[in-house]
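Enquirer: Structure here, sequence nowhere to be found:
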């Protein structure tokens, strides 16, 4: 019984995103570069790009601010963040979860899924015992 619990916990706590990372990908003015628009796509990142990024450059075009979303690695995040710090005209954020690089909340995060999965396992095991 305990072995089954440990095996189930391992499967729930190892997120699928360990193997791949999906990020929103777009480079356009802010009004057209929103998740869900035809210009914003979902990109499956390849090794070693294990992070998603979002960058906003203020006043880049006559039409408005420029938005860029995509995949990068830790060094790429550091470079973009330092460039923005020096210029003052942009903002960059990097994150580690699938589709985390939208300016809008994406719904349930992998931490929430892990918590809910563990809760379900505990409830199932308590139900089997009684």
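Expert: The structure has been received and is ready for your questions. Remember, it's a predicted structure, so these values are computed and weren't measured experimentally.
Enquirer: which SSE is residue 57 in?
Expert: Residue 57 is located in strand 51-61, with elements delineated by DSSP states H and E.
Enquirer: Enumerate the positions of that strand that are buried.
Expert: For strand 51-61, a neighbour-count test (16 or more other CB atoms under 10 Å) marks 51, 52, 53, 54, 55, 56, 57, 60 as buried. C-betas here are computed from N, CA, C, even on glycine.
Enquirer: Quick check: next helix or strand after the lowest-mean-pLDDT helix or strand in the chain?
Expert: Lowest by mean pLDDT, DSSP states H and E among the helices and strands of the chain is helix 2-13, with a mean of 53. Using DSSP H and E, the helix or strand that follows helix 2-13 in sequence is strand 21-29.
Enquirer: Next, the buried residues of that following strand.
Expert: 21, 22, 23, 24, 25, 26, 28.
Enquirer: As JSON lines, those residues with pLDDT would be great.
Expert: Listed next are those as JSON lines, based on pLDDT from 0 to 100:
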{"residue": "21", "pLDDT": "91"}
{"residue": "22", "pLDDT": "94"}
{"residue": "23", "pLDDT": "95"}
{"residue": "24", "pLDDT": "92"}
{"residue": "25", "pLDDT": "92"}
{"residue": "26", "pLDDT": "91"}
{"residue": "28", "pLDDT": "88"}
